[in-house]
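Trainee: Here you go, sequence then predicted model.
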Amino acid sequence: MRIKTIAAALLLAASITSGPAQAQAGNASLDMPREPLTAADLEGLRAELRASRKQIMAQNLTLSPDEATRFWPVYDQFQADLSKIKDDQYALLAEYVNTFGSYNDPGATDFITRWVDLDVRTAALRARYVPIVGGALPGVKAATFFQIERRVSMLIDQRIASLLPVLQFQSQVAR
C-alpha cells in the first residue's frame, strides 16, 4: 500500500508541477501564470481531476469485499454531494477568470467571501459524512478515507491555486 500511496502522490505532484511555481528562489513574491486561465482550461482540469479521485482512493484504501460493497455507494454519494459544491467553486473560478483585470475592492471582497463559504460548505459536508462513512467502514478505515480524501483535495486546491494569478497583481497579467 505504501508504494501505491507514493506512486499516487508522485502522479499528482507531477501534474501539479506542470503549473507555474508559486515562489521564486530567494524571493517571497508569487509568480504570475504565463497566460490567463480560460474557462476551457478550468473545464479540462475539472474533468481530469474527477477521473483521478476515485482511482486514487481505490488504490490507497484497502477494503474487504464486504467493506467495498458498503463503502463505494457511500463514496459515490459523497462525491455527488461534493460535486454540487465544486460546481459552485468552478463557477466562481470561471467568474474570476472572466473578471480578472477589472476587480475593485467591493468585488474582491465579494469574491473572497464566496470562496470562504465554499470552504465552510466543504468542511460541513465532510463532518456530515463522518458517521455515514463510519457506518460503512471500521473506524481506522473510515479515518483513512477522510485522510486520503483531504490530501487529494489539498493537492487539487494547490494545483488550482498555481494556475490562478493573485488578485493584487491583476494589472500585471496581460489579457
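Mentor: Great, that's in hand. Numbering: from 1, shown residues only.

Trainee: At the geometric centre of this structure, which residue do we find?
Mentor: Taking Cα atoms, centre = their mean, the centroid of the chain lies closest to I156, which sits 3.4 Å from it.

Trainee: list the helices and strands the strand or helix carrying that residue packs on?
Mentor: Assigned by DSSP states H and E, I156 falls within helix 139-163. Judged by 3 or more Cβ pairs under 8 Å, 6 or more residues apart in numbering; DSSP states H and E, helix 139-163 is in contact with helix 2-16, helix 39-60, helix 65-99, helix 105-136. (Glycine included, C-beta is placed from N, CA and C.)

Trainee: Make JSON lines out of these and add distance to Q168, mean pLDDT and mean neighbour count.
Mentor: Formatted as JSON lines, these follow (distance: least, Cβ to Cβ, whole Å; pLDDT from 0 to 100; neighbours: other Cβ atoms under 10 Å):
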{"stretch": "helix 2-16", "distance to Q168": "23", "mean pLDDT": "43", "mean neighbour count": "13"}
{"stretch": "helix 39-60", "distance to Q168": "21", "mean pLDDT": "79", "mean neighbour count": "15"}
{"stretch": "helix 65-99", "distance to Q168": "13", "mean pLDDT": "93", "mean neighbour count": "15"}
{"stretch": "helix 105-136", "distance to Q168": "9", "mean pLDDT": "96", "mean neighbour count": "13"}
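
Trainee: Could you dump those helices into CSV with distance to I160 added?
Mentor: As requested, the helices and strands packed on helix 139-163 are exported to CSV (distance: least, Cβ to Cβ, whole Å):
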stretch, distance to I160
helix 2-16, 10
helix 39-60, 7
helix 65-99, 7
helix 105-136, 11
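
Trainee: Fine by me, we can end here.
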